[in-house]
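> sequence plus the predicted model coming up.
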Amino acid sequence: MLDLKFIRAHAAAVQAGAAKKRIPIDLDKLLEVDARARELSGRLDVLRAAQNEASKAIGKAPPADRAKLAELQKQKKSELKIEEDRFAALEAELQTLLLRIPNVPADDVPEGKDDTENVEVKRWSEPRVFDFGPKDHVAVAEAQGWIEFDRAAKLAGSRNYVLRGDLSLLEGAVMRFALDRMVAKGFVPLTVPTLVRSEAMVGTGYFPGGEEQAYRCDERDDLVLVGTAEVPVTSLHSGEILAAKDLPLRYVALSSCYRREAGTYGKDTRGLYRVHQFQKVEQVVIDVADEATSLAHHREIVENAEEILVAFELPYRIVNVCGGDLGAPQVQKFDIETWMPSRKGYGETHSASRFHDYQSRRLSLRYRGEDGVVRFCHTLNNTVAASARMLIALLENHQRADGTVWVPPPLRAYLGGRETLGRQLA
RNA sequence: GGAGAGGUGGCAGAGCGGCCGAAUGCGCCGGCUUGCUAAGCCGGUGAGUCCUUUUUUGGGCUCCGAGGGUUCGAAUCCCUCCCUCUCCGCCA
């Protein structure tokens, strides 16, 4: 969430930012509740001070007089209680409103209503020109007996899949390669819970608002399946005050990711593009509250992802995500889209976000600066590799006319040295 | 799942109705001492919020796992929840 002081001082900017994101907010309501709460808070402090002082006086009075003095205090107490209840109600309302205020997008976030207006900022390599009719990833995989959708549906419904044989191994190879690359860069690998309390979802900005996209356990356990390791990893140090010397924290985590994909019926129904469960290696950076540092980290985590795609020899482009396609918590987001022949276009495979202190304020994730001042951290994250979509790109871009699939050199060590997956079919 | 113990400042740990935002030790910061280092000595050292002050400063309120209750007054008593530890059971 944003700092209330910031909102008060920059109401116009907050309003404009929300408009850029196409998120309706009632800022006047928030400011009005805030003003009332602050006014009441001042009065409450005075009342409480009097109450505290009187109670202390009773403690010091001769025991014989205490009952009488206490009787007087009892009456004042009920007045105080009424004001305290009113204040608590205002605070709760304020908190609810505040959680809904989106972060202010950066100036260089493009205007635009949805993903069709994202602005391409970089393109690497060229889509391959096939000298045969390329298949989509489903056809490539089914021909090799690598994928089963019917049985997966029997087990878990639509948008699920079973990987079999080499494709299952390829998934593992991609994940492990991505993980190893990041560890080599000094990122600390973490294995984290993927079933989390809703506080972690609120803290990272997915709730309120994203409840429909998350699987939730029943009332016996108030736990939510995460859609990304970003949630547990960014929440790892919530409630802590970190030492400046320990920053930045660079984490990488491989986890399963779960997405309900509510409201996407009929969209991307074929294949692995939009599925309920996949594996992902995610990178998270936690550092000091400094714009330049944050921007440098943002570039760094985008480059980390680019290196993976270059290693896999997969053409990609980077888009600067426009206001209307940006989530509430982000200041800015760069999506990396990888070429997918069956889509005749680029499909989103990575999402690199920076948040300033939006998440850390919700998580109460702070650090003590060199100057001794306690501040909220800045957080950032990006995909390193997400299994399902990376498999689409690898199968489709590296398929051969004979039905086999070429393995990019860096992955071979993870596949017993093999340069080719599958048997010749044609 | 059953039985018990406990959650206090960066850490350890005392406090178990008012003198407690909190002893003591360690750590950390500053100073003194010292050829350098260590040891020693002195002082400082939680967070949030509001008010005051040009800055320094001073003051009010809130916070001792979370939420509720009892009381004039709660870290201390009661209730609910969360978490940790020990023993038993079950199990990967």
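Alright, I've got the coordinates. No experiment lies behind these values; they were computed from the predicted model shown.
> for the longest helix seen in chain A, which positions count as buried?
For chain A, the helix with the greatest residue count under DSSP state H is helix A:63-99. By 16 or more other Cβ atoms under 10 Å, the buried positions in helix A:63-99 come out as A:87, A:90, A:93, A:94, A:97, A:98. In this view, the C-beta of every residue, glycine as well, is placed from N, C-alpha and C.
> same thing with stretch A:112-131?
A:112, A:118, A:128.
> just the closest of those to RNA strand B, please.
residue A:112 (34.5 Å; Cβ to the nearest atom of the strand).
> show me the contacts for that closest one.
A:118, A:119, A:322, A:323, A:324, A:325 (Cβ atoms under 8 Å, 6 or more residues apart in numbering).
> repeat that for 10 Å
Contact partners of residue A:112, counting by Cβ atoms under 10 Å, 6 or more residues apart in numbering, are A:20, A:22, A:118, A:119, A:320, A:321, A:322, A:323, A:324, A:325, A:326.
> got it, and residue A:57?
With Cβ under 10 Å, 6+ apart, residue A:57 has these contacts: A:65, A:66, A:69, A:73.
> and which of the residues you listed is nearest RNA strand B?
Using Cβ to the nearest atom of the strand, residue A:73 comes nearest to RNA strand B of those, at 3.5 Å.
> now name the helix or strand holding the closest residue to that closest one other than its chain neighbours.
In space, not counting the residues next to it along the chain, residue A:73 is nearest to residue A:54; the distance is 5.4 Å by Cβ to Cβ, 6 or more residues apart in numbering. Element membership of residue A:54, judged by DSSP states H and E, is helix A:27-60.
> list the buried ones in that helix?
A:30, A:31, A:33, A:34, A:37, A:40, A:44, A:47, A:54, A:58.
> output these as a markdown table; include the columns pLDDT and distance to residue A:239.
Converted to a markdown table, the buried residues of helix A:27-60 look like this (pLDDT from 0 to 100; distance: Cβ to Cβ, whole Å):
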| residue | pLDDT | distance to residue A:239 |
| --- | --- | --- |
| A:30 | 94 | 25 |
| A:31 | 93 | 28 |
| A:33 | 93 | 26 |
| A:34 | 93 | 24 |
| A:37 | 92 | 24 |
| A:40 | 92 | 28 |
| A:44 | 91 | 26 |
| A:47 | 91 | 31 |
| A:54 | 90 | 35 |
| A:58 | 89 | 37 |
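> and which of those residues is nearest RNA strand B?
Of the buried residues of helix A:27-60, the one sitting nearest to RNA strand B (Cβ to the nearest atom of the strand) turns out to be residue A:58, at 3.6 Å.
> identify the residue of chain A closest to RNA strand B, quick one.
Nearest residue of chain A to RNA strand B: residue A:59, at 2.9 Å (Cβ to the nearest atom of the strand).
> so what's that residue scoring on pLDDT?
Looking at residue A:59, its pLDDT is 85.
> residue A:79 versus that one, what's the distance?
Distance, residue A:59 to residue A:79, using Cβ to Cβ, to the nearest Å: 21 Å.
> pull the contacting residues for residue A:250.
Residue A:250 sits in contact with A:182, A:185-188, A:283-287, A:297, A:300-301, A:304, A:380, where contact means Cβ under 10 Å, 6+ apart.
> what does residue A:130 give?
Residue A:130 touches A:341, A:396, A:397, A:399, A:400, A:401, counting by Cβ under 10 Å, 6+ apart.
> tell me, how many neighbours does the first one end up with?
Counted with other Cβ atoms under 10 Å, residues neighbouring residue A:341 total 19.
> how far away is it from residue A:173?
In terms of Cβ to Cβ, residue A:341 sits 21 Å off from residue A:173.
> again with the third one
In this structure, residue A:397 and residue A:173 are 16 Å apart, going by Cβ to Cβ.
> list the residues that contact residue A:244.
Contacts were defined as Cβ under 10 Å, 6+ apart; by that measure residue A:244 touches A:287, A:288, A:367, A:368, A:369, A:370, A:371, A:372, A:373, A:375.
> need the per-residue pLDDT for it.
For residue A:244, pLDDT reads 84.
> run through the residues of the stretch 51-200 of chain A sitting next to RNA strand B.
A:51-56, A:58-59, A:66, A:70-71, A:73-74, A:77, A:88 (Cβ under 7 Å from any atom of the strand).
> go with 6 Å
Counting by Cβ under 6 Å from any atom of the strand, the residues of the stretch 51-200 of chain A close to RNA strand B are A:52, A:54, A:55, A:58, A:59, A:66, A:70, A:73, A:74, A:77.
> how about the helices in chain A?
A:4-9, A:11-20, A:27-60, A:63-99, A:137-143, A:150-156, A:166-184, A:198-204, A:230-235, A:291-311, A:358-363, A:387-397, A:409-412.
> could you check how far the residue lying closest to residue A:26 once chain neighbours are set aside is from residue A:228?
Spatial nearest neighbour of residue A:26, chain neighbours left out: residue A:97 (7.3 Å); criterion: Cβ to Cβ, 6+ apart. According to Cβ to Cβ, residue A:97 stands 27 Å off from residue A:228.
> quick one: contacts for the residue nearest to the spatial centre of chain A?
With distances taken as Cα atoms, centre = their mean, the residue of chain A nearest its centroid is residue A:230 (5.1 Å). Counting by Cβ under 10 Å, 6+ apart, residue A:230 makes contact with A:200, A:204-206, A:251, A:253, A:255, A:257, A:280, A:282-284, A:351, A:353, A:359, A:379-383.
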